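Engineer: Using only what follows, build the 3D model:
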Amino acid sequence: MDKITEIDNALKQLLDSTTEKLSDETRELLRHLFTTKEGELLFNQWLQQQKTEGNLEDIDYDRIYERVKLHVDATPKNQPKVVRLPITRYLQRAAAILFIPLLGLSAFLLIKKEKITTPIAIVAPEKLQMEYISPAGARLRVLLPDSTEVWLNGNSRLSLSQVYGTKDRTVKLSGQGFFKVKHNDHVKFIVKTGSIDVKALGTSFSVLAYPGEKQVEAILISGKLAISKESHSLFAAKDEVILKPAQKVTFDKNSEDLNVEDVYAEPYQSWTKGTLIFNDDPMDKVAKTLEHYYNVRIDIQDPQILTYRFTATLENSSIDQIMEYIGYSSPISYSIKKNVITVNLKKR
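Structural biologist: Numbering: from 1, shown residues only. Okay, the predicted model is just below:
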């Protein structure tokens, strides 16, 4: 029997609710699978086979995690005591990382399966860097190694060092992210966007930093944030502003100005729960929000439409429903073809 078949049989035994006690051989194989580099590679091969056979979506990662905690001891028998990563911590670290090859890099799936989409991370070994990617039209929840929680909106990616969580808690964001930072007095949490640095000790905040847009925003929900322009010179002085809760800082990429204003903060975190809140927002902002959230392109035909504003709280609505709601409050018509929405003024 080859190793992949052995792994398949061992996992079936693990997930069988009638199994009261695993055999010593099965326990040892599972222990090896989740605590050694060779085991990671074998598990990688098993996952690749599941992917080839179209079974990847059927894997119940939550149940694997719970059953491993219940049935598998992390310390092999007759082995001297050594410092090693216990199975439960191995599975929880960054919500547990499983190796899968992708285009010459190492790709990872988080073992803690989310309802919205499965997190994907790509590691470039030569750069010692990992990236979490949220595809267009998706929302992604990521648990970082220090228990910091991150939500990524569509078309967003988060990069961090493979040694993140000890002496370094710096991440790079492209797109939109909502952060609940685990408090650490000794190591600051920093989000770099390419334009500004967002520094926090223990707080929740949102950052919008899509590459093609003229502005970068950071909105503080709770705690305290220090915002500074990113500098590419060791000698350049950094302008820094301190945000209070319910404040937003906007960085203009052209003028390089930092502007602070008081805001209604709820819309900047509600999207993580499937609710979009618009509070007298201009139509161009509404369009950008919908484009990122639903993976559509909104083509506004008449500049007059940009003068309209929209207020609504929409929970788990389709893009077609939202366009209907906008049509009720503004004199517009729209058509949807594939992922392109064309918006016109209504004919009188």
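Engineer: any idea what the closest residue in space to Glu213 that isn't next to it in sequence is structurally, helix, strand or coil?
Structural biologist: With sequence-adjacent residues excluded and distances taken as C-beta to C-beta, 6 or more residues apart in numbering, Glu213 is closest to Lys288, at 7.3 Å. Glycine gets a C-beta too; all of them are placed from N, C-alpha and C. When classified by DSSP: H, G, I helix; E, B strand; the rest coil, Lys288 comes out as helix.
Engineer: okay, Lys288: pLDDT?
Structural biologist: For Lys288, the pLDDT comes out at 92.
Engineer: can you count the residues close to it?
Structural biologist: 16 (other C-beta atoms under 10 Å).
Engineer: And it, how far from Leu306?
Structural biologist: The gap separating Lys288 from Leu306 is 12 Å, by C-beta to C-beta, to the nearest Å.
Engineer: same thing with Leu33?
Structural biologist: With C-beta to C-beta as the criterion, Leu33 and Leu306 are 56 Å apart.
Engineer: Of those two, which one has the most company?
Structural biologist: Neighbours around Leu33 and Leu306, counted as other C-beta under 10 Å, are more numerous at Leu33. The numbers are 23 against 14.
Engineer: all helices in the stretch 201-348 of the chain, in order from the N-terminus.
Structural biologist: With helices called from DSSP state H, counting those that start in this stretch, the stretch 201-348 of the chain shows them at 267-270, 283-294, 319-329.
Engineer: Check the ones you listed for me: which has the lowest mean pLDDT.
Structural biologist: For the helices of the stretch 201-348 of the chain, mean pLDDT drops lowest on helix 319-329, to a mean of 88.
Engineer: Give me the angle between it and helix 283-294.
Structural biologist: For helix 319-329 against helix 283-294, the angle by axes from the mean of the first three to the mean of the last three C-alpha atoms, to 10 degrees is 160 degrees.
Engineer: Numbering from 605 from now on, please.
Structural biologist: I'll keep to 605 as the first residue from here, and by that count the last item is helix 923-933.
Engineer: Could I get the average pLDDT for stretch 607-616?
Structural biologist: 83.
Engineer: contacting residues around that stretch?
Structural biologist: Met605, Thr630, Leu633, Leu634, Leu637, Leu646, Phe647, Gln649, Trp650, Gln653, Ile668 (C-beta atoms under 8 Å, 6 or more residues apart in numbering).
Engineer: Sort out for me which of the residues you listed are in strands.
Structural biologist: Of the contacts of stretch 607-616, none are assigned to strands by DSSP state E.
Engineer: burial of Trp922, as a residue count?
Structural biologist: I think there's a mix-up here, since residue 922 is Ser and not Trp. 10.
Engineer: looking at the helices of the stretch 805-952 of the chain, which is closest to Lys818?
Structural biologist: When these are compared by C-beta to C-beta, helix 887-898 sits nearest Lys818, at 10.9 Å.
Engineer: Which positions in that closest one come out as buried?
Structural biologist: Residues of helix 887-898 classed as buried by neighbour count (16 or more other C-beta atoms under 10 Å): Met887, Val890, Ala891, Lys892, Thr893, Leu894, Glu895, His896, Tyr897, Tyr898.
Engineer: coming back round to it: do you know how far the residue nearest to Glu817 is from Pro935?
Structural biologist: Distance of Lys892 to Pro935, given as C-beta to C-beta: 21 Å.
Engineer: What are the boundaries of the strands in the stretch 705-854 of the chain?
Structural biologist: For the stretch 705-854 of the chain, the strands defined by DSSP state E, counting those that start in this stretch occupy 709-714, 724-728, 733-738, 744-747, 753-756, 760-765, 774-784, 793-796, 800-804, 808-813, 819-826, 829-833, 844-847, 851-856.
Engineer: Compile these into a markdown table and extend it with columns for mean pLDDT, mean neighbour count and distance to Ser874.
Structural biologist: Shown next, in a markdown table, are these (pLDDT from 0 to 100; neighbours: other C-beta atoms under 10 Å; distance: least, C-beta to C-beta, whole Å):
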| stretch | mean pLDDT | mean neighbour count | distance to Ser874 |
| --- | --- | --- | --- |
| strand 709-714 | 28 | 19 | 23 |
| strand 724-728 | 48 | 18 | 25 |
| strand 733-738 | 81 | 21 | 17 |
| strand 744-747 | 87 | 22 | 15 |
| strand 753-756 | 92 | 22 | 11 |
| strand 760-765 | 89 | 22 | 17 |
| strand 774-784 | 94 | 21 | 10 |
| strand 793-796 | 94 | 20 | 20 |
| strand 800-804 | 91 | 23 | 20 |
| strand 808-813 | 94 | 24 | 10 |
| strand 819-826 | 94 | 21 | 11 |
| strand 829-833 | 90 | 21 | 19 |
| strand 844-847 | 88 | 16 | 19 |
| strand 851-856 | 93 | 19 | 15 |
